[in-house]
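In: Got a predicted structure here, sequence first:
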Amino acid sequence: MSNSNHAPGHDAHAAPGQSLSKKIVSVVVLLGLPLVVVLGLISAYKSQDRAAPASMSEEAVMARIQKVGALSLGQAQVALRTGEEVYKLQCSTCHAAGLLGAPKLADASAWGPRVKNGYDALLASAMKGKGSMTPQAGGAFTDYEISRAVVYLANAGGAKFAEPKAPANAAASAPAKAAAPASK
């Protein structure tokens, strides 16, 4: 007896599917094959001689990460400048041309009254500043170098001051940021 509600093709659903063993083989092939390939690549990689390339040597690595700059604490050892050198580097801007009332180098009439006040007064004016001249102490030159420049200027203007004596550690106390030599 046939059922009238029975649709054609219904028998296809009732047909037995793949067997369990075929399903297991399919899963093993789908998952196992990539696993075998990966394991093969790993063993081939490990079997090669893995010596470090030259770019990974300790010297090459250190060269790539070398210091860009260095910080040095303390003061540099700088040779002390003569009075004439300090004059050329620092004082000549005003004293060569007599700018802003500065007495010119070797102008005895301008230096005469200043020389009469003595070396100590001239040095104090240079260190602390006077008129338009800014204080020279604490700048690019040591106090000793400034004192040598004062003697150089005053003696060029007619004074007979003796060269000041260098302190015991004069070279060690020279500032690291000395001015660049003037070009001729």
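Out: Nice, I can see it.
In: Tell me the span between the first and last residue of stretch 82-98.
Out: 22 Å (CA to CA, to the nearest Å).
In: And for that stretch, what's in contact with it?
Out: For stretch 82-98, the external contacting residues (CB atoms under 8 Å, 6 or more residues apart in numbering) are 81, 99-100, 102-105, 107, 110, 132-133, 136, 139-141, 145-146, 148-153, 163, 179-182. In short, each C-beta sits where N, CA and C put it, glycine included.
In: Measure how far that stretch is from the centre of its chain, please.
Out: Taking CA atoms, centre = their mean, to the nearest Å, one finds stretch 82-98 lying 32 Å from the centre of the chain it belongs to.
In: Which members of the contacts of stretch 82-98 are classed as buried?
Out: 81, 102-105, 110, 133, 136, 140-141, 145-146, 148-153 (16 or more other CB atoms under 10 Å).
In: need the helix or strand of the protein with the lowest average pLDDT.
Out: Across the helices and strands of the chain, mean pLDDT, DSSP states H and E gives its lowest value to helix 10-14, namely a mean of 56.
In: following it, which helix or strand shows up next?
Out: Remark: after helix 10-14, the chain's next helix or strand is helix 20-47, criterion DSSP states H and E.
In: Which element is encountered next along the chain beyond that next one?
Out: Next along from helix 20-47, by DSSP H and E: helix 58-64.
In: check contacts around Ser19.
Out: By CB under 8 Å, 6+ apart, the contact set of Ser19 is empty.
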